[in-house]
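Visitor: Just the structure for this:
(chains A and B)
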Amino acid sequence: MSTNRRAFGQMGYLAVAIVCVAILIFPLYWTVVSSLKTQMQLFSSHPSIIPQTPQWGIYANVFLQQWPHLITSLIVAFGSLILALLISVPAAYALAQFRTKAVPVFLLVLLIVQMIPGISLANALFIIFHKVHLLNNYFGLMLADTTYAVPFSVLILRAFMMSIPKELIEAAKVDGTGDTGAFIRVVLPIIKPALVTASLFSFLFTWSDFLFAVTMTTSTRIEPVTVAIYQYIGTYGSNWNQLMAFAVIASIPAAIFLIVSQRYITAGISSTGLKG
Amino acid sequence: MLSESSTPSRAFRMARYKRAWFLVPLAVYLLVMFGYPLYYSIVISFQHLNQITVIRGHAPFNGVVNYIAAWSGSGIWHIVANTIEFTVLSIIFQFVIGLLLALLFNRKFPANGFLRALILVPWLIPQLVSGTIFKWMFDSTDGIINEALLGLHIIHHPISWLLHPQSALIVIIITNIWIGIPFNMVLIYSGLKDVPQELYEAAQIDGAGKWKSFLHITVPSVRTVFAIVLMLGLIYTLKVFDIVMTLTGGGPENATQLLSTWSYTLSFTNFDFGQGAAIANGLIVIALCFTAVYLWFNKRALD
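Guide: This next block holds a predicted model:
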């Protein structure tokens, strides 16, 4: 009797949850549906909730038109990801393992810089980059985008490294390899999951970035996906099916990310309390 | 005796020097990418910087003129009012919906994990894309919102959502709430998971109902988490930029300008980098105040 009632209650929760999730992800569903409709179907006064004649050709069109922007975004995202890891991995090890007065100072600074609005940085960076010729430059954009990834990566990698038993590291040091040896032979292999998380987030931060992409470029030479979509709205404002197909394509990394590592995402948010 | 004691201490000192190298890249990075730009942002806020002086590379000092120009007049207070309305409404709804969802998902039911993963999607896709999606949904001629409201006979003529000052701001707020729900839900959910289960069992034995346990066990246990979520929400809402740019670009007639987009407009549209910096520095001060409150609630962040 009571197990029956519990099972019934569970089904009730499930039903409510399904309705909530359906409402929340309806905009995404609508994006996909709209991306598969013809212009005529889009303008119909009674839009159908499912696409009757899916227009896959729209995707081919958008892809053929926009692939240079996808490549640009990939280059910038991978570049800033590598830069961010090179800086944050050793620093996270030091902040997790060393007991110096510098540790809380670094943590405070990392926390504060994460709170600074991007536009406040972009303003000054524009003038600085102009002086050192880093505007309209791949390296410049990568560098600007690392401002999202570095503080986040250091904190999440450190949180993970704190959980490595001290004895393990001490044992490696006794073998005579010192910090560097212990770091390479013991720490790096253990922190692989944290490295994956930090890399995925770093990639996604840069891929999603619009602020630096639009401020650190003044020509069309380097135009990441986000800027391309923004320009597209201005130029072909009513081609909603193509625009929605473009939106879907721009969201592919997020989808892959979610499939690969849902547990990493949740861990990432709750262990550092931070979003982009 | 002496040499014996000096050897380990020298080795120790050597080890310490070597250790410092692990932190050098980060220290240099923080100075170059945050320290210097922030210092420079203060410098340019006291300069007369326009297209010509930027290119020449030498801008004249003009005292506090930028601050007075940027922060006076009715225009800026309108933008401050927008920013407050946007922030407060976004946070209230994100938080309440996030809390209700967290409470729901804190129950056991089939497919819980899968459905929770789906909720994360709006948070993972680029905000510029989210803005584009909502621009289409709220489109005045063919958007699904107007079609649905017309179909249900709630309205009789399509509404030009993004062309009216008040409704445009509402659309931006709705979009931002949609983006923020997953973040609120995940943080509150993990806070709920940390509440010791024994407390609920003890309350049940004492005959406390569900509402009473929520009020007397759940709320006090997650009070810190609530405070942290709200403070982070405040700080992140101040940063919102992308969705305004796609949905309205700050228009119509600055009706949806926020401090962030206004700073951008001053610097990158009007090419008045001094005034743009004066607004940007104000934003930093506001963000730092909230950060101080956040740290007060979350002292663990520095452990």
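Visitor: drop to CA atoms for contacts and neighbour counts, all remaining ones
Guide: Will do.
Visitor: do stretch A:91-100 and chain B meet at all?
Guide: Yes. Legend: contact between stretch A:91-100 and chain B by CA under 8 Å from any CA of the partner chain is shown at A:Ala91, A:Tyr93, A:Ala94.
Visitor: So which bits of that stretch are buried?
Guide: Under the neighbour-count criterion of 16 or more other CA atoms under 10 Å in any protein chain shown, stretch A:91-100 has A:Ala91, A:Ala92, A:Tyr93, A:Ala94, A:Leu95, A:Ala96, A:Gln97 buried.
Visitor: Return the distance of that stretch from the chain's centre.
Guide: Relative to its parent chain, stretch A:91-100 has a centroid offset of 26 Å by CA atoms, centre = their mean, to the nearest Å.
Visitor: Equivalent analysis for stretch B:108-119, please.
Guide: Chain-centre distance of stretch B:108-119: 26 Å, with CA atoms, centre = their mean.
Visitor: and it with chain A, contact?
Guide: Yes. Using CA under 8 Å from any CA, stretch B:108-119 reaches chain A at B:Lys108, B:Phe109, B:Pro110, B:Ala111, B:Asn112, B:Leu115, B:Ala117, B:Leu118, B:Ile119.
Visitor: and which of those residues is nearest chain A?
Guide: B:Phe109 (4.9 Å; CA to the nearest CA).
Visitor: can you map out the helices along the stretch 51-200 of chain A?
Guide: A:57-97, A:102-115, A:118-131, A:138-161, A:166-172, A:178-182, A:188-190, A:192-208 (DSSP state H, counting those that start in this stretch).
Visitor: what's the answer for the stretch 1-150 of chain B, then?
Guide: B:2-30, B:36-44, B:51-56, B:65-71, B:74-105, B:112-124, B:127-137, B:144-151.
Visitor: most tightly surrounded among the ones you listed?
Guide: When those are scored by mean count of other CA atoms under 10 Å in any protein chain shown, the highest mean neighbour count falls to helix B:127-137 (a mean of 24).
Visitor: Tell me the helices and strands packed up against that one.
Guide: Applying 3 or more CA pairs under 8 Å, 6 or more residues apart in numbering or on different chains; DSSP states H and E, we find helix B:127-137 packed against helix A:2-35, helix A:225-235, helix A:240-260, helix B:144-151, helix B:165-193, helix B:242-247.
Visitor: between the second one and helix A:57-97, how big is the angle?
Guide: Put plainly, it is helix A:225-235. Put simply, helix A:225-235 runs at 140 degrees to helix A:57-97, going by axes from the mean of the first three to the mean of the last three CA atoms, to 10 degrees.
Visitor: Buried ones in helix A:225-235, by neighbour count?
Guide: A:Val225, A:Thr226, A:Val227, A:Ala228, A:Ile229, A:Tyr230, A:Tyr232, A:Ile233.
Visitor: Okay, the third one and A:Phe246: tell me how far apart.
Guide: By that I understand A:Val227. 12 Å (CA to CA, to the nearest Å).
Visitor: ok, now the fifth one?
Guide: Noted for A:Ile229: a distance of 7 Å to A:Phe246, by CA to CA.
Visitor: Low-confidence regions, the stretch 1-150 of chain A specifically.
Guide: By pLDDT under 70, the weakly predicted segments of the stretch 1-150 of chain A are A:1-3.
Visitor: mind running it again at 90?
Guide: Where the stretch 1-150 of chain A drops to pLDDT under 90, the residues are A:1-10, A:38-57, A:93, A:96-102.
Visitor: same thing with the stretch 151-276 of chain A?
Guide: In the stretch 151-276 of chain A, residues with pLDDT under 90: A:156, A:159-198, A:200-201, A:218-221, A:234-239, A:253-276.
Visitor: which stretch in the helices of the stretch 1-150 of chain B has the least confidence?
Guide: Ranked by mean pLDDT, these bottom out at helix B:2-30, with a mean of 72.
Visitor: Please list all residues in contact with the nearest residue to B:Thr53 once chain neighbours are set aside.
Guide: Excluding the flanking residues, the one nearest B:Thr53 by CA to CA, 6 or more residues apart in numbering or on different chains is B:Ala59, at 5.2 Å. Contacts for B:Ala59 (CA atoms under 8 Å, 6 or more residues apart in numbering or on different chains) come out as B:Gln47, B:His48, B:Leu49, B:Thr53.
Visitor: Next, count neighbours for the third one.
Guide: If I follow you right, that is B:Leu49. 26 (other CA atoms under 10 Å in any protein chain shown).
Visitor: quick one, phi psi at it?
Guide: Backbone torsions of B:Leu49, given as degrees, to the nearest 10, read phi -120, psi 110.
Visitor: Is it in contact with B:Phe273, as I believe?
Guide: Yes. Between B:Leu49 and B:Phe273 there is a contact under CA atoms under 8 Å: 5.5 Å.
Visitor: Contacts only, for B:Lys239.
Guide: Contact analysis of B:Lys239 by CA under 8 Å, 6+ apart lists A:Pro117, A:Gly118, A:Ile119, B:Ser260.
Visitor: A:Arg185 versus the third one, what's the distance?
Guide: Going back to what we said before, that points to A:Ile119. A:Ile119 sits 41 Å away from A:Arg185, going by CA to CA.
Visitor: Mind checking which of these two has more residues around it?
Guide: Taking neighbours as other CA under 10 Å, A:Ile119 and A:Arg185 compare with A:Ile119 leading, 28 against 14.
Visitor: which residues does that one contact?
Guide: Under the criterion of CA under 8 Å, 6+ apart, the neighbours of A:Ile119 are A:Leu211, B:Lys239, B:Ser260, B:Ser263, B:Tyr264, B:Ala280.
Visitor: Tell me which helix or strand B:His157 sits in.
Guide: Assigned by DSSP states H and E, B:His157 falls within no helix or strand.
Visitor: Number of residues surrounding B:Lys299?
Guide: Using other CA under 10 Å, B:Lys299 has 9 other residues around it.
Visitor: Quick one: name the residues of the stretch 51-200 of chain A near chain B.
Guide: A:87-88, A:90-91, A:93-94, A:104, A:107-108, A:112-113, A:115-121, A:123-125, A:127-128, A:131, A:144, A:147, A:178-179.
Visitor: Sort out which of these are buried, if you could.
Guide: With burial judged by 16+ other CA under 10 Å, the buried subset of those is A:87-88, A:90-91, A:93-94, A:107, A:112-113, A:115-121, A:123-125, A:127-128, A:144, A:147, A:178-179.
Visitor: Got the phi and psi for B:Ser160?
Guide: Main-chain torsions, B:Ser160, degrees, to the nearest 10: phi -90, psi 80.
Visitor: Does it touch B:Asp139 like I think?
Guide: Yes. Using CA under 8 Å, B:Ser160 is in contact with B:Asp139, at 7.3 Å.
Visitor: Look at these two and report which has more neighbours.
Guide: Between B:Ser160 and B:Asp139, B:Asp139 has the larger neighbour count (other CA under 10 Å), namely 21 against 14.
Visitor: what's the pLDDT at that one?
Guide: Listed pLDDT for B:Asp139 reads 93.
Visitor: centroid residue for the chain?
Guide: The chain I'm using is chain A. A:Leu204 (1.9 Å; CA atoms, centre = their mean).
Visitor: oops, chain B please
Guide: Nearest residue to the geometric centre of chain B (CA atoms, centre = their mean): B:Tyr236, 0.8 Å.
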